[in-house]
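Following is a predicted model, sequence given first.
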Amino acid sequence: MRKLVAAVSVLIGLSIAVPAPAQAYDPTKGYNGVCTGADALTGVTVVIDFQELDGNGGTAAPTLTRCSPNANPGTDRTGVKALQDAGIVVAGTVRWGLGFLCRLEGRPSATETLPLTGSPTYKEACVNTPPAGAYWGYWHANGSGSTWTYSSFGASNRNVVPGGFEGWSFSLNKTSTTNPVPGVTPTNPAVNANNPTIGLSVNDLDRKITLGQSTSLTWTSTNATGITANSVTPASGGGAWSGSRTVPGGTLTITPTATGTYVYTIAATGNGVTVYSSATLTVQ
C-alpha cells in the first residue's frame, strides 16, 4: 500500500502546499489503559509508540495506551475513527487528508529534525506522503494473543476488531522486516481466543470510485468456519455481493452499476458465534 501511494504521488505531482489541520483534542474521549468493563468487548485499545521521537528536541513522548470506546456497539469503525474516539490528535497529509496519517499527538512536528538516511536534516511538512524511512507504521491485533500484525491497509480503509488493539509505532530508518512493533503486549483478558473475527476493506485509498470503474473488497478472518457476503445497502446498484466466501480470506472485484454510497457487510461464523464487519464505498 505504501509503495502504491508513493508511486501515485510522484505521478500526479504537488498542487497544494498547506498541511491538513488536526482535530482539537477532546479529553472526555477514551481513557487510559486497556479497555475494561462494559468497553472490554465493544471498544478497542489504541497504542501509540513514539519510538525515536521520544525526547527528540527535548520533548518527552512516552508510549500511550488508551481505550477507544464505541458509542454505538455493534457498528463498525475505521482505524482513524478509533483514534479520534480515544482522544488522540490526528493529522493527515495535504494530498491524502486522513487517508494517510502523518502526525499523531502532533508528532513528528514540523520543526523537529528527523535524521533520515540520505537526508539528515529532514523535517516532516505533511504535504505529501511521508518517506518510507520516517512514517507511522500501523499494526493491529485481535486481543486474544500477544502478537501484532502489520496492516496492509490504511487506517481509513480498515475496520477495527472489537476487543482488539490498534497500534501505531514510528518507524525511522527501518525496512519492511525491521519496522518496530508497538511496545505493548496486545492482550485483552476478556477476549475468547476461540471466537471468530472478521474484517472487510475496500481496496481504494479514499473509498471512492467513478461510475463505470471497478474496485475490490478484501476480507480476512481468524477462527472462522464459514464466511458469507451478508448484504449490501442499498440492495441494488452496488455490484454483486452475496453468497459464501473463501475461508480464511480473499478478494472480490465489484463493479457498481449506479452512483451512491454503498455499505457492504460480511459475516463469519465459528465456535457458535457469528460476527460481522462492513465497509463503505462511494460511487460518484
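Received the coordinates, thanks.

Would you map the strands across the stretch 1-150 of the chain?
31-32, 44-49, 64-68, 90-93, 97-104, 114-116, 119-122, 134-141, 149-150 (DSSP state E, counting those that start in this stretch).

The fourth one pairs with which strands, and in what direction?
I take that to be strand 90-93. Here strand 90-93 has these sheet partners by DSSP bridges: strand 97-104 (antiparallel).

before we move on, back to that, which of the strands of the stretch 1-150 of the chain is buried the deepest?
When you average the neighbours per residue for each of the strands of the stretch 1-150 of the chain (mean count of other CB atoms under 10 Å), strand 44-49 leads with a mean of 26. Placement of C-beta: from N, CA and C, glycine included.

in the sheet, who's paired with the closest residue to Ser231 other than its chain neighbours?
Of all residues not flanking Ser231 in the chain, Thr265 sits nearest, at 4.8 Å (CB to CB, 6 or more residues apart in numbering). Bridge pairing for Thr265 (DSSP bridges) gives the partners Ser231, Ser278.

residues touching Thr265, list them.
200, 229-233, 276-278 (CB atoms under 8 Å, 6 or more residues apart in numbering).

Most neighbours of all those residues, which one?
Highest neighbour count within the contacts of Thr265: Leu200, with 28 neighbours (other CB atoms under 10 Å).

from memory that residue sits against Ser216, does it?
No: proximity of Leu200 to Ser216 does not meet the contact threshold set by CB atoms under 8 Å, at 11.2 Å.

coming back round to it: ok, the residue nearest to Ser231 to Thr59 distance?
43 Å (CB to CB, to the nearest Å).

just Asn128 next, same as before
Applying CB to CB to Asn128 and Thr59 gives a distance of 24 Å.

Remind me which helix or strand Ser176 belongs to.
Using DSSP states H and E, Ser176 falls within no helix or strand.

Can you get me a residue count around it?
11.

For it, report the pLDDT, please.
Note for Ser176: predicted pLDDT of 88.

what's it sitting at in phi/psi?
Torsion angles at Ser176 (phi, psi; degrees, to the nearest 10) stand at phi -60, psi -20.
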